[in-house]
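# got a sequence here, can you model it:
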Amino acid sequence: MAGRSLVRGDGTPLWQQLLADLRRRLEDGEFAAALPGEFALAAEYAVSRYTVREALRRMREDGAVVASRGRVARPAGPAAIEQPLDEPYSLYVAVEAAGRTQRSVVRTFEVRADGVVAARMGLEESTPLVHLERLRLADAEPLAVDRVWLPEDLAAPLLDVDFSHTGLYPEYRRRCGIRVDGGSENIRAVIPGRGEQELLGIDDGVAALSIERLGLAGGRPVEWRHTLVRGDRFSVTAQFSARAGYRVDLSEPTADRPAGR
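Numbering: from 1, shown residues only. Next up is the predicted model:
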């Protein structure tokens, strides 16, 4: 490939000229899958690797490209879907609010006993639970693996619902009279297992947010949920002020101050 020339001696740093040209080429769709590596760009523009690294660093900061250690930069995907921490969590609402179409692939929907989950909800281990597992999509792109367990004596009417394009909470409230109004939650970063990586369409370099939630209604446990969300497509935000302080503690959520998801 013929070298690309940058103007030397005009006072404009070479990294800034390189940055402008790479942005132009990116906007033109030249880098559909990934940008060339550092050595290739340094040779193409006849500049040092330091110059290339500085230009790529600026592109990462701007959100134009993403890159993990030891990997070439690639064009950033759609903007992350945001979930405010001071609002009741709804992945369905968060996706729709981002202007994207939410759809789910229902993988499991049945009644069964799960002693571990029942114990987490403070129930007898033999308690029948409605178990719903969905692969959540945003514009047909995998976003999350969502697993939820609900007491059958409360949630049995939900077994007739098609959850491929509707949220759980609105149906839980409408059909069962259950409104999740509190609870506790733990959010942490994890590297998904191979099977979950395949479901989410991510490689080893992409982390995920593991979100475990105990949902309450009037103080009664009505939901246990585990959601694995792609870290490169989802973020959480918080509100704080001098008067109210920082209202959410992600590491140690409490029953009277739930972290919204």
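# ok so residue 100 is a helix residue?
No. Applying DSSP: H, G, I helix; E, B strand; the rest coil, one finds residue 100 to be coil, outside a helix.
# so what's the residue nearest to residue 120 when sequence neighbours are not counted up against?
Counting by Cβ to Cβ, 6 or more residues apart in numbering, residue 224 is the residue found nearest to residue 120 once chain neighbours are left out, at 5.5 Å. Every C-beta, even on glycine, is put in place using the N, C-alpha and C of the backbone. Applying Cβ atoms under 8 Å, 6 or more residues apart in numbering, one finds that residue 224 lies in contact with 117, 120-121, 148-149, 212-215.
# so which of those are in helices?
Secondary structure assignment by DSSP state H places 117, 120 of these in helices.
# any quick ChimeraX command for the buried ones out of the contacts of residue 224?
Selection command for ChimeraX covering only the buried members of these, criterion 16 or more other Cβ atoms under 10 Å:
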select :117,121,148,149,212,213,214,215
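# could you pull up phi and psi at residue 143?
Backbone dihedrals for residue 143, given as degrees, to the nearest 10, come out at phi -120, psi -40.
# what do you get for the one 3 residues further on?
Backbone geometry at residue 146, expressed as degrees, to the nearest 10, gives phi -120, psi 120.
# still on that earlier bit, okay if I get the contacts of residue 224 as a markdown table plus distance to residue 140 and pLDDT?
Output for the contacts of residue 224, formatted as a markdown table (distance: Cβ to Cβ, whole Å; pLDDT from 0 to 100):
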| residue | distance to residue 140 | pLDDT |
| --- | --- | --- |
| 117 | 30 | 97 |
| 120 | 33 | 95 |
| 121 | 33 | 96 |
| 148 | 22 | 97 |
| 149 | 27 | 98 |
| 212 | 27 | 93 |
| 213 | 26 | 92 |
| 214 | 31 | 94 |
| 215 | 28 | 93 |
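# ranges for the strands of this structure?
With DSSP state E applied, the chain shows strands at 65-66, 74-75, 81-84, 102-113, 128-138, 141-151, 182-190, 208-217, 220-230, 234-237, 240-241, 245-246, listed in chain order.
# quick one: the residue nearest to residue 120 and residue 190, what's the gap?
Taking Cβ to Cβ, to the nearest Å as the measure, residue 224 falls 18 Å from residue 190.
# residues in contact with residue 142?
For residue 142, the residues meeting the contact criterion (Cβ under 8 Å, 6+ apart) are 135-136, 199-201, 230.
# give me the buried subset of these.
The neighbour-count criterion (16+ other Cβ under 10 Å) marks 135-136, 199-200, 230 among those as buried.
# my guess is residue 112 meets residue 128, correct?
Yes. Applying Cβ atoms under 8 Å as the test, residue 112 and residue 128 come out as touching, 7.2 Å apart.
# the two: who's more crowded?
Comparing residue 112 with residue 128 by neighbour count (other Cβ atoms under 10 Å), the higher total belongs to residue 128, at 16 against 12.
# so what pLDDT did the residue nearest to the more buried one when sequence neighbours are not counted get?
The shortest distance from residue 128 to any residue other than its chain neighbours is 4.0 Å, reached at residue 152 (Cβ to Cβ, 6+ apart). At residue 152, the pLDDT value in this model is 97.
# what about this structure, any weak spots by pLDDT?
Within the chain, the ranges that satisfy pLDDT under 70 run 1-3, 67-71, 76-98, 237-261.
# for residue 145, list each beta-bridge partner.
Each beta-bridge partner of residue 145 is listed here, defined by DSSP bridges: residue 135, residue 228.
# any idea which residue sits dead centre in the chain?
The centre of the chain sits closest to residue 234, judged by Cα atoms, centre = their mean, with a distance of 2.9 Å.
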